[in-house]
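> the amino acid sequence is not available; the structure is as follows:
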């Protein structure tokens with residue numbers, strides 16, 4: 001599967017990936033957002 005600029009995708013743990021081409025790769029990882037900034041009671 002290939003993703004391009006502006007694409008959104010779900011990449012499962014244990015994946016094998018590489019960058020196609022010479023452009024820099026930037027990713028935003030939302031992993032762990034279920035617990036982010038929750039108060040500890």
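Received the coordinates, thanks. This is a predicted model, so every value here is computed, not measured.

> now do stretch 26-37, average pLDDT.
Across stretch 26-37, the average pLDDT comes to 75.

> and the most centrally placed residue in the chain, how far from residue 1?
By C-alpha atoms, centre = their mean, the mean C-alpha position of the chain lies nearest to residue 29, the distance being 4.1 Å. Residue 29 is 17 Å from residue 1, where distance means C-beta to C-beta, to the nearest Å. Placement of C-beta: from N, CA and C, glycine included.

> again, but for residue 16
Distance from residue 16 to residue 1, by C-beta to C-beta: 11 Å.

> same check on residue 18?
Taking C-beta to C-beta, one finds residue 18 at 12 Å from residue 1.

> for residue 20, same thing?
11 Å.

> and what of residue 40?
Residue 40 is 38 Å from residue 1, by C-beta to C-beta.
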